[in-house]
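**Q** Could you look at this predicted model? Sequence included:
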Amino acid sequence: MRKYLTAFLMIALLFIAACSSGNADSNATDATQPTGDTAAEAATTEATAAPFTTVDEPCQPFNLIDDVLLSPVDEKVPAVTDADLAYGPADAKYTIITYSNFTCSHCANLEPVLETLQQLYPQDVRIVFRYVTTGGVSNIAAQAAEAANNQGKFGEMKDTLFANQATWYYYSEDEFRTWLGDQATAFGMDVDQFNTDMNDENLLNKITFNRSQVDDLGITGTPTLYVNNRQYSPYQDRSIYTLATMINVMNISDKELGVCPAVDTNFTTDLQAIISTDKGDIVVDLYEDTAPYTVAYFKYLADQGWYDNNEFFVSTDEYALSGDPSNTLYGGPGFVFYNEFTSGQTLDEGGLLVSFNRLGTGYNSGVFMLTKTAVTDFSGDLTVFGKIIDGMDVLNALETRDYSLDPADPFYDSVNSVTIVEK
């Protein structure tokens with residue numbers, strides 16, 4: 001298994017939490033989407049590790065999904081069948097299996113996040129819910145979910161079990177069964193049939209069989225997630241922000257350019273970049289003398305069509321961002337490269353072309369910023385590698401768009417292409 005990199009700085013390890021296979025934990029972790037008007041606010045921390053790329057090793061293979069979020073396919077994950085408790089289309093591109101325990105507080109926090117993810121991507125995401133039972137009320141909750149599913153009320157029962165976990169967790173088994181009957185009544189279910197089904201021998205055998213599959217898979221804590229049978233890293237957070245980022249980055253896997261390319265940083269002529277947008281052209285004088293690596297890889301990406309038909313996924317009064325087909329800041333061409341980061345770099349004027357990197361030192365992936373004016377309250381691994389010489393009116397005409405991972409939020413402006421020319 002490939003190691004999980006810890007340099008994915010949009011995720012802070014202090015937010016990581018999980019329940020053991022047997023107990024609920026009262027210190028639940030909220031799974032929320034960051035709020036704010038700029039992409040800069042989406043990242044959480046600054047880099048503290050050694051640079052990932054350097055002038056001696058200016059390029060490294062890197063893929064957010066393979067190197068940070070998901071392990072390789074686990075062939076031991078049982079296939080999804082009609083017996084599974086699931087929601088979302090069976091032909092979805094991404095099947096997310098959650099191994100969950102109704103007595104686990106972190107599982108209770110995660111479930112609405114997964115529901116929101118499926119609602120954001122209703123055709124692309126299917127959620128498969130697999131309970132991990134640990135005896136007592138945990139088993140009874142699983143029986144209730146299965147019995148409710150027989151009457152088409154699995155979702156309602158699942159949600160009310162998690163929402164009221166802090167109440168029923170302390171019930172005796174008899175008290176819990178009475179409470180479950182009340183919930184079934186509220187859902188308009190046939191309560192007698194519900195109670196009969198809860199104790200059905202076939203249902204009980206299914207719960208026992210499911211537990212044996214959990215043991216065979218080696219799951220020791222909940223929640224445990226698999227995305228297309230690839231385990232989601234236990235070292236990364238499970239917020240809607242991170243999971244939506246994952247889906248968007250996976251959606252551009254066919255655009256990746258492969259391994260590190262050979263680039264020439266020994267420029268003999270002055271270069272310009274023509275950034276063609278749907279509102280006109282922006283012409284940039286590139287700083288190939290002071291930022292040769294950044295310019296070289298920018299040129300390579302432009303020549304390969306990486307920037308073709310990219311959205312301006314952020315546009316504020318101060319700057320605009322583009323250069324990532326996933327529109328997340330975290331999608332890349334399959335490698336990251338060295339950029340000439342200068343400590344204390346400030347963006348004190350408009351018209352600058354700037355490398356934009358929120359993953360950490362040496363993780364430049366080709367995202368670029370165009371400044372409309374001085375950029376305030378901003379820090380990060382930035383390299384100014386060009387100056388706009390024509391087209392500031394085009395840049396200033398870009399419509400305002402806040403950072404968003406909601407597929408329903410429209411984009412207003414796009415980059416048609418980037419062409420590198422000699423002066």
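**A** Received it, and whenever you're ready, just let me know what you need.
**Q** and Ser404, how many neighbours does it have?
**A** 16 (other CB atoms under 10 Å). Where you see a C-beta, it was placed from the backbone N, CA and C, and this is true even at glycine.
**Q** what about it, helix or strand, and which?
**A** When elements are assigned from DSSP states H and E, Ser404 belongs to no helix and no strand.
**Q** Please tell me how far it sits from Phe356.
**A** In this structure, Ser404 and Phe356 are separated by 17 Å, where distance is defined by CB to CB, to the nearest Å.
**Q** cool, Asp74 as well?
**A** For Asp74, the distance to Phe356 equals 35 Å [CB to CB].
**Q** More neighbours: which of the two?
**A** When neighbours are counted by other CB under 10 Å, Asp74 and Phe356 differ, and Phe356 comes out ahead with 26 against 13.
**Q** Tell me how far Leu64 lies from Glu399.
**A** Where Glu399 is concerned, Leu64 sits at a distance of 28 Å (CB to CB).
**Q** Which one's more surrounded, these two?
**A** With other CB under 10 Å as the criterion, Leu64 and Glu399 differ in neighbour count, and Leu64 comes out ahead with 24 against 12.
**Q** The more buried one touches Pro333, doesn't it?
**A** No - using CB atoms under 8 Å, Leu64 makes no contact with Pro333, being 11.5 Å away.
**Q** Can you list the low-confidence ranges for the stretch 201-350 of the chain?
**A** Applying pLDDT under 70 to the stretch 201-350 of the chain flags the ranges 342-344.
**Q** can you give me the helices for the stretch 51-200 of the chain?
**A** Read by DSSP state H, counting those that start in this stretch, the stretch 51-200 of the chain holds these helices, from start to end of the chain: 64, 105-120, 137-149, 154-163, 165-168, 173-186, 191-198.
**Q** would TSV of these with distance to Asn416 and mean pLDDT be doable?
**A** Supplementary listing: the helices of the stretch 51-200 of the chain in TSV, determined by distance: least, CB to CB, whole Å; pLDDT from 0 to 100:
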stretch	distance to Asn416	mean pLDDT
helix 64	26	95
helix 105-120	28	97
helix 137-149	50	98
helix 154-163	44	97
helix 165-168	51	96
helix 173-186	55	97
helix 191-198	59	98
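**Q** Kindly state which of these is positioned closest to Tyr297.
**A** Ranking the helices of the stretch 51-200 of the chain by distance to Tyr297, with CB to CB as the measure, places helix 64 first at 17.6 Å.
**Q** quick one: the closest one to chain centroid distance?
**A** Between the centre of helix 64 and the centre of its host chain there is 9 Å, according to CA atoms, centre = their mean, to the nearest Å.
**Q** tell me which strands and helices that helix is in contact with?
**A** Applying 3 or more CB pairs under 8 Å, 6 or more residues apart in numbering; DSSP states H and E, we find helix 64 packed against helix 240-250.
**Q** So what touches the helix or strand following the helix it packs on?
**A** Of the helices and strands lying after helix 240-250 in sequence (DSSP H and E), the nearest is strand 271-277. With CB atoms under 8 Å, 6 or more residues apart in numbering as the test, strand 271-277 has contacts from 281-286, 288, 295, 298-299, 302, 307, 312, 353, 370, 386, 389, 391, 394, 398, 413-423.
**Q** Export only the CA atoms of strand 271-277, formatted as PDB.
**A** Extracted in PDB, the C-alpha atoms of strand 271-277 (Å, rounded to 0.1, in the frame of the first residue of the first chain):
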ATOM      1  CA  LEU A 271       8.500  34.900 -23.700                       C
ATOM      2  CA  GLN A 272       4.900  36.100 -23.500                       C
ATOM      3  CA  ALA A 273       1.800  34.300 -22.500                       C
ATOM      4  CA  ILE A 274      -1.500  35.000 -24.300                       C
ATOM      5  CA  ILE A 275      -4.300  34.000 -22.000                       C
ATOM      6  CA  SER A 276      -7.400  33.900 -24.300                       C
ATOM      7  CA  THR A 277     -10.600  34.300 -22.300                       C
END
